[in-house]
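Visitor: My questions are about this predicted structure, shown below with the sequence.
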Amino acid sequence: PDYMRFTTDNTLNRYDILGQNLNSNYQLGDLNLGFFATLNNSRSKAHQIGQITFNADAYPSNSYSESNHDKYRLETISPYVDWKLDSLGKKVTVNYNYIHVIDKINQNFDSSTAHNFSNSNNDYCYIVNTLSADLNLPFTWLNFELGGKYSHFRTNNVSEFGSRNGFLYKETVTAFYADVNRMFGSFYAKAGLRYEHTNDDGITLEGLSVSNKYDHWFPFAEISYNPSDNHSFALSYSKRIDRPSMNDMNPTRVFRNTYTYTEGNDRLTPSVMDNLEFNYVFKGNFSFNLYYYHTSDAIQNLTQVVDDLFTKYSPKNCLTINTFGTDASYNFSFGKFNLYSSVSMFYVKAKSYVDELDDKDLRSLNTSFSANLSYRYKVLNFYANYYHVLPGIEESFHTGNIDCVGLGCKIDIIKNKLLLNIQAQDIFSGTKSNNRTEYKDYVFRNRINNDNTSFRVGLTYNFGKQKAKKADINISNNETNRLPDIKK
């Protein structure tokens, strides 16, 4: 029978976060040796109370409560060697990255009808090792860049809620790239190709296994024209990849609360994007951008009602998305004031190729704008920021209005040494979410008052000589983007 189900949740979260970063480098002739290191610890507590009801008494209502304790730890270390080969700029850079994440979550449930268990324990462990090497070979007639990267992911996830579930997963990605570039008077041109080979294997505690191998080629090209210091034009094309997160790949059941759980999908494949962009910059202050993005095999978390009681979220490759858009920004200074403003507008059209997701209304014009105003007086720097997002579509979600106001002040207590930052964000509680997704058999709506109003105080001290030469090293730790965040 047709019915409406109403779920109301109230959640109180508390986060205690300690983050530490360390970097160092040493110049030894033409060799530059150094490392970057990070250690982040987080402890969070959450308490949720809620009620689920049905219209016309289709099913009995039920109240529930849930408490959550989460311990999170992130460790990274990235040593590197940068070797200059000659005075023309030829150099070799070798970098190793180690990432270790531990996430332990304990949940306690209180509900009369939902479960035959009263608590759950989730232990997640992620280890990532990467090794990369890059060779820059500039010549008077042409510049070459060559490189490669090897990445190895290893995860061990265990969940216990009445029974024990787990998932072991390994993934290796081997990549090579080559590109050439050259200046032609006021013109600059660059073209290249990147190859990636992926091999992954996973197995659950129940013995179900998955194994995949696939290859991708990613061409890219760019041409820019700078007729004067006031004008700059650029046109570029690139093919990119967006790999699923480790959480999305985990097929074990993880409860968000008493009546909501997620199940990952170890059959997911990466999304591939074709990007075409045009950019114009005037005097370094005004920027205008036009773009077209085509995304195939886009991943979407689909919602499913199970046994008329539980809400299940599970990711699936299910969308093809075409996006046409434009961005514009302007930076303006007058006296001690500085104003940076931007606006973004894009049209998105998505096509579903799974039966459960209805795509007849997955098209929309999306608009957002923001402004940041700052004022400097001696050692004080006051600032205010605002952004607003109009209703639109994000993947398969119809979204509502969102706005946010922030105020803050930075105080340079000891010149370039000790900095105090005081910040208040979302002062008027405008980051409320109103979303809608239409499926074949039902419509899913949610209204979330995120209550992101926050007040933060930060103190930064810089050690060492202020005139020390900084190393021109770009170390990427983008593998952390696929791992659980410190604040979930």
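Guide: Cool, the structure landed.
Visitor: and Asp248, what helix or strand is that in?
Guide: In this assignment (DSSP states H and E), Asp248 forms part of helix 246-249.
Visitor: Output the contacting helices and strands for that helix.
Guide: When contacts are defined as 3 or more C-beta pairs under 8 Å, 6 or more residues apart in numbering; DSSP states H and E, helix 246-249 sits against strand 143-160. C-betas here are computed from N, CA, C, even on glycine.
Visitor: Tell me the gap between the next helix or strand after the strand it packs on and the middle of its chain.
Guide: Per DSSP H and E, the first helix or strand lying C-terminal to strand 143-160 is strand 164-184. In this view, strand 164-184 has its centroid 17 Å away from the chain centroid, taken as C-alpha atoms, centre = their mean, to the nearest Å.
Visitor: buried ones in strand 164-184?
Guide: Using 16 or more other C-beta atoms under 10 Å as the test for burial, strand 164-184 gives 165-167, 169, 171, 173, 175, 177, 179.
Visitor: Any idea which of those the model trusts least?
Guide: In this model, the minimum pLDDT among these belongs to Asn165 (86).
Visitor: separation between that residue and Ser87?
Guide: 59 Å (C-beta to C-beta, to the nearest Å).
Visitor: before we move on, what about Ser42?
Guide: According to C-beta to C-beta, Ser42 stands 47 Å off from Ser87.
Visitor: Asn338: which of the buried residues of strand 164-184 is nearest?
Guide: Relative to Asn338, the closest of the buried residues of strand 164-184 is Asp179; by C-beta to C-beta it sits at 36.2 Å.
Visitor: I'd say Asn338 and Phe332 touch.
Guide: Yes: between Asn338 and Phe332 there is a contact at 7.3 Å, judged by C-beta atoms under 8 Å.
Visitor: which one of those two has more residues nearby?
Guide: Between Asn338 and Phe332, counted using other C-beta atoms under 10 Å, the more crowded position is Asn338 (16 against 12).
Visitor: so which strand or helix has that one?
Guide: Element membership for Asn338, per DSSP H and E: strand 337-352.
Visitor: Next: Phe278.
Guide: strand 271-282.
Visitor: Mind checking the pLDDT average for that strand?
Guide: Here the average pLDDT along strand 271-282 is 97.
Visitor: So for it, what gets flagged as buried?
Guide: Buried-residue list, strand 271-282, by 16+ other C-beta under 10 Å: 271-275, 277, 279, 281.
Visitor: just stretch 225-233 next, same as before
Guide: Buried residues in stretch 225-233, counted by 16+ other C-beta under 10 Å: 226, 232.
Visitor: Kindly check the end-to-end length of it for me.
Guide: 5 Å (C-alpha to C-alpha, to the nearest Å).
Visitor: what sits up against that stretch?
Guide: 186-188, 224, 234, 278-283 (C-beta atoms under 8 Å, 6 or more residues apart in numbering).
Visitor: how about 7 Å then?
Guide: With contact meaning C-beta atoms under 7 Å, 6 or more residues apart in numbering, stretch 225-233 is reached by 186-187, 224, 280-283.
Visitor: quick one: which of those residues is nearest Ser396?
Guide: For the contacts of stretch 225-233, the closest approach to Ser396 (C-beta to C-beta) belongs to Tyr280, at 33.0 Å.
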